[in-house]
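**Student:** curious how this folds, go ahead:
(2 chains)
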Amino acid sequence: SQQGEEDPQALSIQEGENATMNCSYKTSINNLQWYRQNSGRGLVHLILIRSNEREKHSGRLRVTLDTSKKSSSLLITASRAADTASYFCATAVGSGGYNKLIFGAGTRLAVHP
Amino acid sequence: DSGVTQTPKHLITATGQRVTLRCSPRSGDLSVYWYQQSLDQGLQFLIQYYNGEERAKGNILERFSAQQFPDLHSELNLSSLELGDSALYFCASSSRASGTSGPQETQYFGPGTRLLVL
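**Tutor:** Got it, this is the predicted structure:
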């Protein structure tokens, strides 16, 4: 079964609004990564936050990680129609130098002009 | 463009058949991962190779196998196909990046191969 669960499953907002997506997971992780997928196409890596980090920013993206609650959130500020996509969190678990990614079910974000 | 290439983009075949999906990692990446994305199971890790050797296995069926060649490209072989094998198959590659809190590499995904089994 998937480790991550994302909330909400779907989100519909207007351009300019902020979008917040949450992710919960079950086991210890090395890091947590967020990916975007446009309509059944490839996954685009957005941001990686390590297990010893609490917050990270990249452009309009802000990611937080709370390892005590085993949860993360992705905030997209000032959303644009082009942000319409599915967003997945992926927890990186592994040892010996490499991780496997365990994905959540994703949040479908629709940004309306 | 992630630098990871996958062929073919689309594949339509019949039940019972065998297909081969191909992946070329980003230049310099030694590690290749395969994932399956289906409507009912979501995105699932299948298998990982590093420099030609199998490193980790996930929810990969016995009918499926993979290998990584000396030039680092990888192939995923799916045999005795069933309707439920219809899915998007992604390949990802990474280079090693260690950290005090464990391995920290970013995986870069290819565009995927969409398999339809009729």
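**Student:** distance of the residue in chain A that chain B sits nearest to relative to residue A:60?
**Tutor:** Nearest to chain B in chain A, going by Cβ to the nearest Cβ, is residue A:30, at a distance of 3.3 Å. (C-beta placed from N, C-alpha, C; glycine too.) Using Cβ to Cβ, to the nearest Å, one gets 26 Å for the distance from residue A:30 to residue A:60.
**Student:** what's the answer for residue A:68, then?
**Tutor:** As judged by Cβ to Cβ, residue A:68 and residue A:60 stand 27 Å apart.
**Student:** neighbour count: these two, which is higher?
**Tutor:** Per other Cβ atoms under 10 Å in any protein chain shown, whichever of residue A:68 and residue A:60 has more neighbours is residue A:60, with 14 against 5.
**Student:** can you list the residues of chain A near chain B?
**Tutor:** Contact residues (Cβ under 8 Å from any Cβ of the partner chain) of chain A with chain B: A:2, A:30-31, A:33, A:35, A:40-45, A:48, A:50-52, A:88, A:90, A:92, A:94-106.
**Student:** buried among those? Need that as a selection in ChimeraX.
**Tutor:** Buried residues among these (16 or more other Cβ atoms under 10 Å in any protein chain shown), as a ChimeraX selection:
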select /A:2,30,31,33,35,42,43,45,48,50,51,88,90,92,94,98,99,100,101,102,103,104,105,106
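**Student:** now do the lowest-mean-pLDDT helix or strand in chain B: distance to the chain's middle.
**Tutor:** When each helix and strand of chain B is scored by mean pLDDT, DSSP states H and E, strand B:53-57 comes last, with a mean of 89. Distance of strand B:53-57 from the chain centroid (Cα atoms, centre = their mean, to the nearest Å) equals 12 Å.
**Student:** what packs against the next helix or strand after it?
**Tutor:** Scanning forward in sequence from strand B:53-57 by DSSP states H and E, the next helix or strand is strand B:64-68. Packing partners of strand B:64-68 (3 or more Cβ pairs under 8 Å, 6 or more residues apart in numbering or on different chains; DSSP states H and E): strand B:42-50, strand B:74-78.
**Student:** now for the closest residue to residue B:87 other than its chain neighbours, how many residues are close by?
**Tutor:** Spatial nearest neighbour of residue B:87, chain neighbours left out: residue B:38 (3.9 Å); criterion: Cβ to Cβ, 6 or more residues apart in numbering or on different chains. By the criterion of other Cβ under 10 Å, residue B:38 has 15 neighbours.
**Student:** so what's residue B:38 bridging to?
**Tutor:** residue B:42 (DSSP bridges).
**Student:** for residue 94, which non-adjacent residue is closest in space?
**Tutor:** You didn't say which chain, so I picked chain A. residue A:100 (5.5 Å).
**Student:** the intended chain is chain B.
**Tutor:** Closest to residue B:94 by Cβ to Cβ, 6+ apart is residue B:105, at 4.1 Å.
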